[in-house]
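Asker: I need the structure of the sequence given here:
(chains A and B)
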Amino acid sequence: MTVERTGCGLPRAADAGETMTIFGWVDRRRDHGGLIFLDLRDHTGILQVVINPQTAAAAHQAAHAVRLEYVLRVRGQLRTRDPHNVNPRRDTGEVEMYADECQVLSIARTPPFPINEDTEVEEALRLRHRYLDLRRPRLQRNLRSRARFISHLRSVMGEMGFTEIETPMMIRATPEGARDYLVPSRLQPGSFYALPQSPQLYKQLCMVAGLDRYFQIARCMRDEDLRADRQPEFTQLDIEMSFVDEEDVFAVLERAISSAWSASGFRGTIVTPFPRLTWHQAMDRYGVDKPDVRFGMELRDLTDAVRGSSFRVFADAVAGGGVVKGIAVPGGADLSRSDIEGRLTEVVRTFRARGLAYLWHRQDGWQGGIAKFFSEAELAAIGEIAGAAVGDAVLMVADRPPVVAASLGALRNQLARERAMADPEKMAMIWVTEFPMFERDQETGEVTPLHHPFTMLHADDVDLLESEPLRIRSRAYDIVLNGRELGSGSIRITDPAIQERVFAVMGIDAQTAEGKFGFLLEAFQYGVPPHGGFAAGIERLVMEGLGEENIRDVLAFPKNQQAQEPMTGAPAPVDVAQLAELGLTVSPTPPATQT
RNA sequence: GGCCCCGUGGUGUAGCCUGGCCUAACACGCCACCCUGUCAAGGUGGAGAUCGUCGGUUCGAAUCCGAUCGGGGUCGCCA
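Answerer: Residues are numbered from 1 along each chain as shown, chains lettered A, B, ... in the order given. All right, here's what the predicted structure looks like:
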């Protein structure tokens, strides 16, 4: 635009005396009638401009009409401020520009929400004017930190000998897993590409190709419902490695994340190696497969302690094959009956628990509606096992094991939030290993892989394939940070015989497997190295690194909960002609969605 | 698909439970004027919302009820 341009945030006292030109947006304007002060903002920061009507009459006249968010070019001399005029809260606070020229490059309507501060604004309005939201300090910071983090990841991966490879965005639809986004083919009417849910198969083929160590900052698309940490398109650090086992994969991820983390200035410190929990340990102790281990309050099994009690709810549950578990809430004796029976019971009800039992451990003994059903010995045992001290409360759920785990796990997280039990500066990164290979689909009753069908089984469990598939442990693992799943991976199956048996358990016969994954199985016949890998969600990492609660705030152009982008209006209907070219027609009324 | 929360000038909130004193309040922003050292500038004055929408209850509705729309969170879903 011009030969010389100085960033607004860059000038320092040492630059005083220089004449320079700055470009930027008006962040604030203070008109004293005579002097006008303008704070000019660009991506580097903010510089105060002083416009004096006596020394720069034309500039002053121009500045008189200037409003917030006008785009200006200002030329003038940089001067140091008198000591009593220094603004210590700003990097450029020791200097200011004395304007000679002030040129309005673009006027601006009054913005729909404040740009120069981070006030809470309704999500719909922010998304509709995303370019203005992105102009605000918080999102500027977030996007820059995200970029730095990715940049560091790239260089660490390079240092470790990984090759960055781009895999196709238009691929064959995979029947497994999340719903695909489809792309109709013009040249093959009636046929569709799918957008990748992940580059899974391609990266495994890269291993067959002898690339040895693959990585990609990969865009992934999944047509599923959105959450605070889930968008339909997102980015993963995707990794695959040949001739490795879990330890090699863990070491790579630990180094990549921890070094990029600190280099990016993210909050807290990542300590390596990450502690490990098996899936069973996580479920037993925390009730969830992604435990937040920054605080205790672990689930304790009270089944034996209450088996013989006269409290029918517990006794019946145990007799019916259920379990009774509880958590000791530190200082929980201050929880009121209405706290527990209202808000907290609501939490466990969400997970289909029928109720929440509670006992207060007070100075004068055990209290609470159900205390009378237990003997002194039983109460003592409950307190002992739960680890409840005087002043605590024990909250208990009796039900089928999955219901108990899920409801108490959620309750534990809820209480930790309410009572600020987790150190916000602590970064509790852990590996959760030995996930089950299969789970039973609640609707169809089919056995489906928890991770994906190419996940290798635990060596000791292979014999259970046909007899008790649901008990098989896999060689799949997750990284969990502060209770949030950051990503997952596995060692893959490379033995065709085992792969065939896994498909069989899933009800996929050889012919079907050939049709769906034939290319992979064929590739494996030409010499496949043992391999494994991982995929880590970039947005979730950045969220934790910046302390953001919502994935939209670490993405430039996110979608709303309806997967729409209010700014551009995507998705939108298309011309009939465009459809015709693709051999498509749209039903006038959408067919009833299958549930 | 279920459940929960929110919806009041441009922005953020108060008022709503306990209907009338609301001719809807406050802060910021906006407009005009005054003001030569402010930096969340200051002063004076002003414009701006019939309370998401529709319907109902009532003598009377921002306030109560129902429906609906929009936003968010969550369960299901996310190999």
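
Asker: pop the domain breakdown of chain A in here.
Answerer: A:13-106, A:140-277+A:430-434+A:475-494+A:529-576, A:295-421 (automatic domain parsing).

Asker: save those as a markdown table, and put in mean neighbour count too.
Answerer: In short, each C-beta sits where N, CA and C put it, glycine included. Converted to a markdown table, the domains of chain A look like this (neighbours: other C-beta atoms under 10 Å):
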| stretch | mean neighbour count |
| --- | --- |
| domain A:13-106 | 17 |
| domain A:140-277+A:430-434+A:475-494+A:529-576 | 18 |
| domain A:295-421 | 18 |
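
Asker: relative to RNA strand B, how far out is residue A:310?
Answerer: 33 Å (C-beta to the nearest atom of the strand, to the nearest Å).

Asker: quick check, that residue in contact with residue A:373.
Answerer: Yes - with contacts counted by C-beta atoms under 8 Å, residue A:310 reaches residue A:373, the gap being 4.9 Å.

Asker: worst mean pLDDT among the domains of chain A?
Answerer: Of all those, the minimum mean pLDDT falls on domain A:295-421 (a mean of 92).

Asker: distance from the chain centre to that one, please.
Answerer: Distance of domain A:295-421 from its chain centroid, counting by C-alpha atoms, centre = their mean, to the nearest Å, is 31 Å.

Asker: what do you get for stretch A:537-557?
Answerer: Using C-alpha atoms, centre = their mean, the distance from the centre of stretch A:537-557 to the centre of the chain it belongs to is 6 Å.

Asker: restrict it to CA atoms and write it as PDB.
Answerer: Taking C-alpha atoms only, stretch A:537-557 is exported to PDB below (Å, rounded to 0.1, in the frame of the first residue of the first chain):
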ATOM      1  CA  GLY A 537      -8.700 -32.600  18.400                       C
ATOM      2  CA  ILE A 538      -7.000 -29.300  17.800                       C
ATOM      3  CA  GLU A 539      -9.900 -27.200  19.000                       C
ATOM      4  CA  ARG A 540     -10.200 -29.100  22.200                       C
ATOM      5  CA  LEU A 541      -6.500 -28.700  22.900                       C
ATOM      6  CA  VAL A 542      -6.700 -25.000  22.200                       C
ATOM      7  CA  MET A 543      -9.800 -24.600  24.300                       C
ATOM      8  CA  GLU A 544      -8.100 -26.000  27.300                       C
ATOM      9  CA  GLY A 545      -4.900 -24.100  26.600                       C
ATOM     10  CA  LEU A 546      -6.800 -20.800  26.500                       C
ATOM     11  CA  GLY A 547      -9.400 -21.600  29.100                       C
ATOM     12  CA  GLU A 548     -12.200 -21.300  26.700                       C
ATOM     13  CA  GLU A 549     -15.500 -23.100  27.400                       C
ATOM     14  CA  ASN A 550     -16.800 -23.200  23.800                       C
ATOM     15  CA  ILE A 551     -15.400 -24.600  20.600                       C
ATOM     16  CA  ARG A 552     -16.900 -21.700  18.600                       C
ATOM     17  CA  ASP A 553     -14.500 -19.300  20.400                       C
ATOM     18  CA  VAL A 554     -11.400 -21.100  19.000                       C
ATOM     19  CA  LEU A 555     -12.700 -21.300  15.400                       C
ATOM     20  CA  ALA A 556     -12.800 -18.500  12.900                       C
ATOM     21  CA  PHE A 557     -16.100 -19.300  11.300                       C
END
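
Asker: out of the domains of chain A, flag the one nearest residue A:286.
Answerer: With distances scored as C-beta to C-beta, the stretch of the domains of chain A nearest to residue A:286 is domain A:295-421 (5.8 Å).

Asker: end to end, how far does that closest one reach?
Answerer: Counting by C-alpha to C-alpha, to the nearest Å, you get 6 Å between the two ends of domain A:295-421.

Asker: could you do stretch A:125-145 as well?
Answerer: One end of stretch A:125-145 sits 24 Å from the other (C-alpha to C-alpha).

Asker: ok, residues contacting it?
Answerer: With C-beta atoms under 8 Å, 6 or more residues apart in numbering as the test, stretch A:125-145 has contacts from A:25, A:43, A:111-118, A:121, A:264-266, A:542, A:545-546, A:548, A:552-554, A:556-558, A:560, A:565-567.
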